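Visitor: Any chance you can model this:
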Amino acid sequence: MEIGRREIIANGIRQRVLVAGAEDGEPVLLIHGNCSSADFWQPLLRRLPATLRVVAPDLRGYGGTETAPLDATRGLSDFADDVAALLDIPGLFPSGARPVVAGHSLGGGVAMRLLVDHPDRVAGLLLAAPVSPYGFGGTRDLVGTPTTPDFAGTGAGSANPDFVQRLAAGDRGADGPTSPRNVLRGAYVADPASLGPDEELLLDSVLSTAVGDDNYPGTAERVETWPGTAPGDRGVLNTLAPKHFRIADELVAVPVKPPITWVRGDADVIVSDTSLFDLAYLGSLGLVPGWPGADACPPQPMVGQTRAVLERYAVAGGSYRELVFAGCGHSPNVERPAEFVAALLELTGAR
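Guide: Numbers count the residues shown, from 1 in each chain. You can find the predicted model right below:
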């Protein structure tokens, strides 16, 4: 599938999008995750049939899209509004298109928001290692009960400062576990060999992240509650905090319920019930000092939460299936492309 690039003004910002396939093909919209860009989909795009019409935007602050400020108090709605504005741009999709929407990680949350806000425009969802419908961190059970009233331990203050510094510097080295290359190798995938010849392309995608208060990681507030940080109101990690992103009830209540396929790896260390990016879980391992214990601050059951919400979605008239790839990490679209393509084509009805 030949891949083109376009720059488009939509929702008031300049967006770069990857475009592939026939203009009248079955529409597919791909939404990338955090510290990434549309280029993270390129290894998958090469495997898709030309009968599809595929559009993959860079979200604001990533890749070649403008670094417009993120209002974290809206959850992931700034991103979803940007993506929704692309649906009616002439020449991108067939007129009136209802694409199958695939979202990876943060992009899975954006896809959920898009469905809630525009249920008549989404033909199906493929959620790849998605953020929990209760946000990232700071909740204790399958119904998303906040661990503390101030949502301590979530948002921008949870970012590793050395990783942020290396990201801002465009560090391409491999010295230390927090270099972007080693995070790509050790957290984005379970087996670094799965990156293959695309490692430099995917590292470029990670390094395209705009660093600052309005994007990654965002602003933080100091609090007395362990671990001493709570989400601010600007920037990407705060858009994911449960203070601002809690979409479970809205997703279950959406009046039009397209089929959902949930794809995840059983070796994911980012979105997991034992996430190495959840400060509560790191505290339980003794890696963040002062952890107040499992009763006060348990790790977030991210996978269990997503399953519980999708089961509610099914009971309310929708449908979903869960595909678990053995030995796969956080990026099934990169690590298991053949299986991922099969799941996507099943949703589109293409063969």
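Visitor: where does this structure dip in pLDDT?
Guide: Segments of the chain classed as low confidence (criterion: pLDDT under 70) are 350-351.
Visitor: If we use 80, what do you get?
Guide: For the chain, applying pLDDT under 80 flags the ranges 1, 350-351.
Visitor: And the helices in it?
Guide: Using DSSP state H, the helices of the chain run over 42-45, 77-84, 106-117, 161-169, 180-183, 199-207, 236-239, 248-253, 279-284, 302-315, 332-335, 337-348.
Visitor: What about residue 287, how many residues nearby?
Guide: Around residue 287 sit 11 other residues, with neighbours defined as other CB atoms under 10 Å. The C-beta positions use only the backbone N, C-alpha and C, and glycine is treated the same way.
Visitor: Please apply the same query to the one 3 residues further on.
Guide: Other residues within reach of residue 290, judged by other CB under 10 Å, total 9.
Visitor: any chance you could map the strands in the stretch 1-150 of the chain?
Guide: 3-10, 13-21, 26-31, 52-57, 100-104, 124-128 (DSSP state E, counting those that start in this stretch).
Visitor: neighbours around the spatially closest residue to residue 190 that is not a sequence neighbour, how many?
Guide: Distance criterion CB to CB, 6 or more residues apart in numbering; nearest residue to residue 190, sequence neighbours excluded, is residue 329 at 3.4 Å. For residue 329, the tally of surrounding residues (other CB under 10 Å) stands at 26.
Visitor: list the contacts for residue 329?
Guide: 187, 188, 189, 190, 191, 265, 267, 268, 269, 270, 335 (CB atoms under 8 Å, 6 or more residues apart in numbering).
Visitor: ok, now residue 317?
Guide: With CB under 8 Å, 6+ apart as the criterion, the residues that contact residue 317 are residue 257.
Visitor: Now do the most centrally placed residue in the chain against residue 265, distance only.
Guide: Ranked by distance to the mean C-alpha position of the chain (CA atoms, centre = their mean), the top residue is residue 106 at 1.8 Å. Residue 106 is 16 Å from residue 265, where distance means CB to CB, to the nearest Å.
Visitor: do the same with residue 153
Guide: With distances defined as CB to CB, the gap from residue 153 to residue 265 amounts to 25 Å.
Visitor: okay, those two: which has more neighbours?
Guide: When neighbours are counted by other CB under 10 Å, residue 153 comes out ahead of the other of residue 153 and residue 265, with 29 against 25.
Visitor: Spatially, which residue comes closest to that one, not counting chain neighbours?
Guide: The spatial neighbour of residue 153 that comes closest, neighbours along the chain excluded (CB to CB, 6+ apart), is residue 279 at 4.3 Å.
Visitor: gap between the one you found and residue 289?
Guide: With distances taken as CB to CB, residue 279 is found 11 Å from residue 289.
Visitor: These two: which is more packed in?
Guide: Neighbour tally, residue 279 and residue 289, criterion other CB under 10 Å: the higher count belongs to residue 279, 24 against 8.
Visitor: The more buried one reaches residue 228, doesn't it?
Guide: No: Residue 279 sits out of contact with residue 228 when judged by CB atoms under 8 Å, with a separation of 10.2 Å.
Visitor: Contact partners for residue 110?
Guide: For residue 110, the contacting residues are 31, 59, 76, 79, 80, 83, 103, by CB under 8 Å, 6+ apart.
Visitor: Sorry, slip of the keys, the one I care about is residue 307.
Guide: Taking CB under 8 Å, 6+ apart as the definition, contacts of residue 307 comprise 262, 322.
Visitor: what about it, distance to residue 159?
Guide: In this structure, residue 307 and residue 159 are 27 Å apart, going by CB to CB.
Visitor: And for residue 5, the neighbour number?
Guide: As a burial measure, the neighbour count of residue 5 was computed by other CB under 10 Å and equals 13.
Visitor: ok, now which ones touch it?
Guide: Taking CB under 8 Å, 6+ apart, we find residue 5 in contact with 16, 17, 18, 19, 64.
Visitor: That one pairs with what?
Guide: According to DSSP bridges, the residues that bridge with residue 5 are residue 18.
Visitor: roughly how far apart are it and residue 101?
Guide: Computed as CB to CB, the residue 5 to residue 101 distance reads 20 Å.
Visitor: ditto for residue 336
Guide: Counting by CB to CB, the gap from residue 336 to residue 101 is 19 Å.
Visitor: More neighbours: which of the two?
Guide: Each of residue 336 and residue 101 had its neighbours counted (other CB under 10 Å), and the higher figure belongs to residue 101 (28 against 22).
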